[in-house]
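Enquirer: return a 3D structure for these sequence lines:
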Amino acid sequence: MKTKLAMLSMAGLLAAPAMADVQINGFANLIGGMTLSDGETVYDYDDDFSFDPASVFGLQVRGEVSDKLSATAQVVGRGRDDYDADFEWAYMTYALSNNTNISAGRLRMPLFKYSASLDVGYSYHWLTPPDAVYGIDFNNIDGVRVDYSNYAGDWEYGAQFTAGRVETNTTISGTPALLELENVLAVSVEATRDWFSVRSLIARGKTSAQNPEFDGFVAGLGQFAPFVPTAGAAAEGFSVNEDTGTFFEVAVDIDKYDWFVGAEFTQTEVDGSIIADNKAYYITAGLRLGKFTPHITYEVEEADNANQLALVAGLPSTIMTGDAVTDVTYAGLVQAAGGIAAQQELDVSAVTAGLRYDVEPGFALKVDVTWYSDDLNDANDATLLKVGANYTF
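Expert: Residues are numbered from 1 along each chain as shown. Take a look at the predicted model:
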């Protein structure tokens, strides 16, 4: 049903040429992959070849309503969602001046260097960007964004201010949950001179996550506050309810055309919640040899669960109330709390070696091999092969 509604809405935009100058663009990322040993799984791939995890097809329509006002819509179908088409973007933009635009609606949040072109695989050398940094649960926001750009000498610079809210699906300790980010405020700046560019972003918002099973666990633990004073604090610390979240990013790139080097770093913190502090980065480099671009990338993601473990450490493992059912229930909750806290720790890395071949403008073939390593559990180590084609028009 969503596919039909999206196509009908897009058709409505295309059927009004008299009202606006319409520009149509599209992209396709046909990406297949598999792990190279039986039983290995990583990034939603296993040892059966599949196109579903990363393949994306999209169509974007931009209409110039006037010299200052435009409307943009982007419909995307993803393999992991059975290619059901859905609106990723739907917003209007008004030019306040030659340097400043304001956009409102559902739009891309500029979290990363490649945020604006994240779904357009042709715009970068990998088949998919490094998961350690880019593997988050959301990229779009319902709200307002102000874009400013200008020049100063040999420098080109810009800034973006974004405000709004996000609602998407996530997981808490492997269990699906609804993630809500409210009162989100983000500021990003970027500067480029010749072969050098740098950008940074900081964002804050109120973070909540709803899951009946997890919420039941938190409520159950909180009921023991009359018997265990630290149980109330632990329950509050484990919950994700309007907690302040902060996201920071910085990226640096050197591109001499014949060769390039780039790096990006992110840090995520959600104060007073089960979500552990997270740091991630990648370093990438490549050569451009005619139509061929060999490249290599090293990425790391780490999550520190010290705060979560401290909450569990403050709980006695058992209590004696005189009621056997109550005592057993409490012990089970403490054991569950320990397991949940332990799951928040993360220490993974990956090395990706790849090759891009530009067949013609707008069309590229690529192959990537990724060696994934989990320093906390060697059983999760895997080698992933991906091949694919990126196309734009």
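Enquirer: below-threshold pLDDT in the stretch 1-150 of the chain: ranges please.
Expert: For the stretch 1-150 of the chain, applying pLDDT under 70 flags the ranges 1-20.
Enquirer: all the strands of it, residue numbers only.
Expert: 21-35, 56-64, 69-78, 85-95, 100-108, 140-152 (DSSP state E, counting those that start in this stretch).
Enquirer: mind putting those in TSV, mean neighbour count and distance to residue 372 included?
Expert: Any C-beta I mention is one placed from the backbone N, CA and C, and that applies to glycine too. Shown next, in TSV, are the strands of the stretch 1-150 of the chain (neighbours: other C-beta atoms under 10 Å; distance: least, C-beta to C-beta, whole Å):
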stretch	mean neighbour count	distance to residue 372
strand 21-35	18	9
strand 56-64	19	21
strand 69-78	20	22
strand 85-95	18	28
strand 100-108	18	28
strand 140-152	17	27
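Enquirer: which of these sits closest to residue 284?
Expert: strand 21-35 (18.2 Å; C-beta to C-beta).
Enquirer: other SSEs contacting that closest one?
Expert: The contact analysis (3 or more C-beta pairs under 8 Å, 6 or more residues apart in numbering; DSSP states H and E) places strand 21-35 against helix 2-14, strand 56-64, strand 382-392.
Enquirer: show the contacting residues for residue 36.
Expert: Residues near residue 36 by C-beta atoms under 8 Å, 6 or more residues apart in numbering: 47, 383-385.
Enquirer: which element, helix or strand, includes the residue lying farthest from the centre of the chain?
Expert: Distance from the centre of the chain peaks at residue 322, with 48.9 Å (C-alpha atoms, centre = their mean). Per DSSP states H and E: residue 322 is located in neither a helix nor a strand.
Enquirer: for it, what are phi and psi?
Expert: According to degrees, to the nearest 10, the main-chain angles of residue 322 amount to phi 90, psi -10.
Enquirer: on that earlier part again, kindly reformat the strands of the stretch 1-150 of the chain as a markdown table containing distance to residue 128.
Expert: Below are these laid out as a markdown table (distance: least, C-beta to C-beta, whole Å):
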| stretch | distance to residue 128 |
| --- | --- |
| strand 21-35 | 7 |
| strand 56-64 | 9 |
| strand 69-78 | 12 |
| strand 85-95 | 16 |
| strand 100-108 | 17 |
| strand 140-152 | 18 |
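Enquirer: wait, which of these is closest to residue 301?
Expert: It's strand 21-35; of these, that one is closest to residue 301 (C-beta to C-beta) at 18.7 Å.
Enquirer: flag every buried residue along stretch 194-214.
Expert: Judged by neighbour count using 16 or more other C-beta atoms under 10 Å, the buried positions of stretch 194-214 are 197-199, 201, 203-209, 211, 214.
Enquirer: now, those that are in strands?
Expert: 197-199, 201, 203-209 (DSSP state E).
Enquirer: tell me the one among the residues you listed nearest to residue 38.
Expert: For these, the nearest to residue 38 is residue 209 (34.9 Å; C-beta to C-beta).
Enquirer: how about the closest one, what does it touch?
Expert: 170, 172, 177-180, 240, 275.
Enquirer: can you put the residues you listed in JSON lines and add pLDDT?
Expert: JSON lines is the format used below for those (pLDDT from 0 to 100):
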{"residue": "170", "pLDDT": "84"}
{"residue": "172", "pLDDT": "73"}
{"residue": "177", "pLDDT": "87"}
{"residue": "178", "pLDDT": "92"}
{"residue": "179", "pLDDT": "93"}
{"residue": "180", "pLDDT": "95"}
{"residue": "240", "pLDDT": "92"}
{"residue": "275", "pLDDT": "91"}
